[in-house]
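In: heads up, no residue letters with this:
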């Protein structure tokens, strides 16, 4: 018996004078007490489906056809007053971003009390007591204290647990979870998903989990529905869809998912870089960095972000620096690239200490060490064309005339496998994967020997992610450049790294060859990170 039956659902948006068909007649069902994953990449229409089910589309969106039958009644035909009573009551919703979903001006307990009084008609005192119990049910320590805190006083994982508690607070029959853990580290993600699964099991709640991550679907869902371009292309029991997909797109998604496959990527062509022994290109020795944390009404407190870190990046090799948020990996990377300064320790490039460089020597270092950032949209000037963005470093260093710079930019577009016809476009006209390729092309413009890549694929869909990783492998073989690759994702590490350095709370807890460390890690924390990779159980 199904709690939710969706038939021929159609959603479109008004974009200027155009009408964009976002959802094109999809069917799906969720059994009572079951967990169904709705899987797709950005632009597939999956989030439009989740919003349409509870009739909360953006102002320019509209449902133009189909039916959404929940517990025997068509939600699309209900008066809006009745629909509002179902939302947050019989149907719970877990949004993706807790920062935009929690009211920053209200305490956590007050936000829970608000929903409980609205849907369950509880008195204030009874609602407050139940709010504390809910916070305990979702695994938050000291729930009485948490209820008195504001959202900014909680970590990302804690805030997401609060949203899960809100979704389950009124004992719903169905919870729709829209990318509920995509912004969390893998270990926190695992804890949050465990909590959701436990609540669903204990209370018999059905769950529709909307995700781009096939690994999450493999671990948590009994059935999977795969969307592409607003249509369902594959659906069925999870094991059948993931191990014997019927559609080529699903097969490509499964092949590209780093959590499901641990295949190391190889260069597409033989290395054209001059063969040489892998001498130390970058050496970091006993690096330390402390920040001063300021809290209102309190004296500044020292916080050690990097505590005695040492590592080496050999020439032409990829060293993955792995850790969760707050581990110190990005601070270490910034000091390695001399964007940030160290309190003590040293950074050596080809044996030369660059820690204290200033002025022109530091400027010249920029030619040898370039950085690729996590968010290509934020790191590319939206006013400039692609060709001008790529040629920007050449202009900054006065290399070549305008015509030569344009020619180099076009050659670099070829190198990162982008069509030269994109040269005159602006960043906003490109996809996320194309923007990241432009960022890589710009970083290569000065022929650096070292690239520091800070979470360069974490914002990309899995199929685009694999394309960019393959590009980096090919460029390393072609140019002999070394990579310091910052990531929290061991699924990505499996595909690209030669060496791995694991950080936790500012310190290196383990390092070694990727094959050894991924196969037989020594440290308990490394093992926990590996076990938390979504889809680990499906490999």
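Out: Noted; the coordinates are in hand. Given the structure is predicted, the values throughout are model-derived calculations rather than measurements. Numbers count the residues shown, from 1 in each chain.
In: helices and strands around the lowest-mean-pLDDT helix or strand in the chain, which ones?
Out: In the chain, the helix or strand scored least confidently by mean pLDDT, DSSP states H and E is helix 376-379, which has a mean of 79. Judged by 3 or more Cβ pairs under 8 Å, 6 or more residues apart in numbering; DSSP states H and E, helix 376-379 is in contact with helix 432-444. The C-beta positions use only the backbone N, C-alpha and C, and glycine is treated the same way.
In: circling back to that earlier point, mind checking what helix or strand follows the least confident helix or strand of the chain in sequence?
Out: The helix or strand immediately downstream of helix 376-379 is helix 386-396, counting by DSSP states H and E.
In: And for that next one, what's in contact with it?
Out: 366, 370, 380-381, 384, 400, 405-406, 408-410, 412-413, 418, 422-427, 430, 438, 441-442, 445-446 (Cβ atoms under 8 Å, 6 or more residues apart in numbering).
In: just the angle between that helix and helix 432-444, please?
Out: 20 degrees (axes from the mean of the first three to the mean of the last three Cα atoms, to 10 degrees).
In: picking up where we left off before, which of the contacts of helix 386-396 fall in helices?
Out: 366, 405, 406, 408, 409, 410, 412, 413, 438, 441, 442 (DSSP state H).
In: Just confirm residue 67 contacts residue 78, I think it does.
Out: No. Shown here, residue 67 and residue 78 do not form a contact pair, counting by Cβ atoms under 8 Å, at 11.7 Å.
In: ok so, going back, please produce a PyMOL select command covering the buried subset of the contacts of helix 386-396.
Out: Entered in PyMOL, the line below selects the buried ones among the contacts of helix 386-396, by 16 or more other Cβ atoms under 10 Å:
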select buried, resi 366+370+380+405+406+408+409+410+412+413+418+422+423+427+430+438+441+442+445+446
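In: The ones in helices among the contacts of helix 386-396: which two are farthest apart?
Out: Pairwise distances across those (Cβ to Cβ) peak at 22.9 Å, for the pair 366 and 410.
In: pLDDT weak spots in the stretch 251-400 of the chain?
Out: 258-262, 270-277, 294-297 (pLDDT under 70).
In: can you pull out the strands in it?
Out: 280-293, 301-314, 318-322, 344-349, 352-353, 369-372 (DSSP state E, counting those that start in this stretch).
In: Can you lay out those strands as JSON lines showing distance to residue 147?
Out: JSON lines is the format used below for the strands of the stretch 251-400 of the chain (distance: least, Cβ to Cβ, whole Å):
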{"stretch": "strand 280-293", "distance to residue 147": "25"}
{"stretch": "strand 301-314", "distance to residue 147": "25"}
{"stretch": "strand 318-322", "distance to residue 147": "35"}
{"stretch": "strand 344-349", "distance to residue 147": "42"}
{"stretch": "strand 352-353", "distance to residue 147": "52"}
{"stretch": "strand 369-372", "distance to residue 147": "42"}
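In: Tell me which of the ones you listed lies nearest to residue 225.
Out: Closest among those, once you apply Cβ to Cβ, is strand 318-322, at 32.4 Å.
In: Which residues does the closest one contact?
Out: 311-313, 329, 332-333, 472, 476, 482-488, 490, 492-493, 496-503, 514, 529.
In: Now stretch 525-534: average pLDDT?
Out: The average pLDDT within stretch 525-534 is 88.
In: wait, stretch 422-441
Out: 90.
In: what about it, how long is it end to end?
Out: One end of stretch 422-441 sits 13 Å from the other (Cα to Cα, to the nearest Å).
In: ditto for stretch 266-285
Out: Using Cα to Cα, first and last residues of stretch 266-285 are 31 Å apart.
In: Which strands or helices does the helix or strand containing residue 471 pack on?
Out: Residue 471 is part of helix 462-479 when elements are defined by DSSP H and E. With contacts taken as 3+ Cβ pairs under 8 Å, 6+ apart, helix 462-479 sits against helix 248-256, helix 432-444, strand 482-487, helix 490-496.
In: Any chance of JSON lines for these, columns distance to residue 304?
Out: Shown next, in JSON lines, are the helices and strands packed on helix 462-479 (distance: least, Cβ to Cβ, whole Å):
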{"stretch": "helix 248-256", "distance to residue 304": "38"}
{"stretch": "helix 432-444", "distance to residue 304": "30"}
{"stretch": "strand 482-487", "distance to residue 304": "19"}
{"stretch": "helix 490-496", "distance to residue 304": "25"}
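In: What is the burial count for residue 21?
Out: 15 (other Cβ atoms under 10 Å).
In: Contacts only, for it.
Out: Contacts of residue 21 (Cβ under 8 Å, 6+ apart): 10, 11, 12, 230.
In: Need phi/psi at the second one.
Out: What it means is residue 11. Main-chain torsions, residue 11, degrees, to the nearest 10: phi -130, psi 140.
In: One more: the third one?
Out: Recorded main-chain torsions at residue 12 are phi -140, psi 160, according to degrees, to the nearest 10.
In: Burial check on it, number of neighbours?
Out: Counted with other Cβ under 10 Å, residue 12 comes out at 21.
In: now do the second one
Out: When neighbours are counted by other Cβ under 10 Å, residue 11 registers 24.
In: Spell out the residue ranges of the helices in the stretch 151-300 of the chain.
Out: All helices of the stretch 151-300 of the chain, identified by DSSP state H, counting those that start in this stretch, fall at 156-168, 186-203, 214-220, 238-243, 248-256.
In: Switch those helices over to CSV; also include mean neighbour count.
Out: Putting those into CSV (neighbours: other Cβ atoms under 10 Å) gives the following:
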stretch, mean neighbour count
helix 156-168, 24
helix 186-203, 18
helix 214-220, 25
helix 238-243, 18
helix 248-256, 18
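In: what about those, which gets the closest to residue 324?
Out: Per Cβ to Cβ, nearest to residue 324 of the helices of the stretch 151-300 of the chain: helix 186-203, 6.4 Å.
In: Next, the residues that contact the closest one from outside, please.
Out: 33, 35, 94, 137-139, 155-157, 160-161, 164, 168, 171, 175, 177, 180-181, 184, 205-207, 216, 219-220, 324, 488-490, 528-529, 531-534.
In: chain center to it: distance?
Out: 19 Å (Cα atoms, centre = their mean, to the nearest Å).
In: now it against helix 156-168, angle please.
Out: Going by the same axes, to 10 degrees, helix 186-203 makes 20 degrees with helix 156-168.
In: Contacts only, for the residue nearest to residue 109 when sequence neighbours are not counted.
Out: When the adjacent residues along the chain are set aside, residue 109 lies closest to residue 147, with 3.1 Å between them (Cβ to Cβ, 6 or more residues apart in numbering). Residues near residue 147 by Cβ under 8 Å, 6+ apart: 107, 108, 109, 112, 128, 131, 132, 135.
In: and with 10 Å instead?
Out: 107-113, 128-129, 131-132, 134-136, 140, 162 (Cβ atoms under 10 Å, 6 or more residues apart in numbering).
In: Looking at these, which one is closest to residue 509?
Out: Set against residue 509, the nearest of those by Cβ to Cβ is residue 140 (26.6 Å).
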